[in-house]
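S.K.: Sequence below, structure please.
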Amino acid sequence: MPRRRVIFVGVEGKSDRAFVRFLGLLCDQESLHVHLDVKPCNGGDSLSVVRETARRLRRHPEKRGIATRLVLLDFDRMQADLASGRDALPEAEKHGLEAVLFNPNLEGLIVRLYKGYEGRRITARDAQNQLRRLWPTYSKSSLTANQLWQRFSLGDLKRAAGRDDELFKLLLALGLIRRA
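M.R.: Residues are numbered from 1 along each chain as shown. Here you go, the predicted model:
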């Protein structure tokens, strides 16, 4: 049996890891021959997340076999970091990482997975409140891939990706969507 295509994904924390694991379940459902090697970087600003992702990638035992190298970042945090002179994008590029930005953050992205909400503009300040209105039991600290699996489908992601270039880029990298 051929080896799975390894996709290395650096993320900020647990909820982002749950989202990537959800994407992994969708890859399995679609019979894609990939392994998502997700590494949480335990928070921090976006530059710290990129640097920790790069460090973990350097120490990866099979780094030559990694087909794609991603780092997932929150757009709202990136904006705050830029204001303080900390730009994570050149650092990601320097380490061969493709940055994917959740706009404004993961909660805002999850809101846009709901039918009819895919085009909604959401501020970072309002994202969690809007998500809790749609998903009253949502908890960032205890989010799991199975919770996302029970609530959303690949169709929801594709619909949202039609209005979100960064989500489209992520799904394209995983093979969950194809360029027209």
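S.K.: got a pLDDT number for residue 1?
M.R.: Listed pLDDT for residue 1 reads 63.
S.K.: sorry, that was for residue 150
M.R.: pLDDT, read off for residue 150, is 97.
S.K.: what's the helix or strand for it?
M.R.: Per DSSP states H and E, residue 150 falls inside helix 145-151.
S.K.: for that helix, packing partners?
M.R.: Applying 3 or more C-beta pairs under 8 Å, 6 or more residues apart in numbering; DSSP states H and E, one finds that helix 145-151 makes contact with helix 14-29. Quick note: C-beta positions are derived from backbone N, CA and C, even for glycine.
S.K.: and the angle from the following helix or strand past the helix holding residue 150 to helix 14-29?
M.R.: Downstream of helix 145-151, the next assigned helix or strand under DSSP H and E is helix 154-161. Calculated by axes from the mean of the first three to the mean of the last three C-alpha atoms, to 10 degrees, helix 154-161 forms an angle of 120 degrees with helix 14-29.
S.K.: So which bits of helix 154-161 are buried?
M.R.: Under the neighbour-count criterion of 16 or more other C-beta atoms under 10 Å, helix 154-161 has 154, 156, 157, 159, 160, 161 buried.
S.K.: so can I have CSV of those showing distance to residue 31?
M.R.: Shown next, in CSV, are the buried residues of helix 154-161 (distance: C-beta to C-beta, whole Å):
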residue, distance to residue 31
154, 12
156, 19
157, 17
159, 21
160, 22
161, 20
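S.K.: dump the residue contacts of residue 54.
M.R.: Going by C-beta atoms under 8 Å, 6 or more residues apart in numbering, residue 54 touches 10, 91, 92, 95, 97.
S.K.: tally of neighbours for the residue nearest to residue 12 when sequence neighbours are not counted?
M.R.: Leaving aside its sequence neighbours, residue 12 sits nearest to residue 49 (C-beta to C-beta, 6 or more residues apart in numbering; 5.2 Å). For residue 49, the neighbour count with other C-beta atoms under 10 Å is 30.
S.K.: State the mean pLDDT of the host helix or strand of residue 49.
M.R.: Assigned by DSSP H and E, residue 49 belongs to helix 46-58. For helix 46-58, mean pLDDT is 94.
S.K.: now do stretch 121-132
M.R.: pLDDT averaged over stretch 121-132 gives 95.
S.K.: Only the buried residues of that stretch, if you could.
M.R.: Under 16+ other C-beta under 10 Å, the buried positions of stretch 121-132 are 122, 124, 127, 128, 130, 131.
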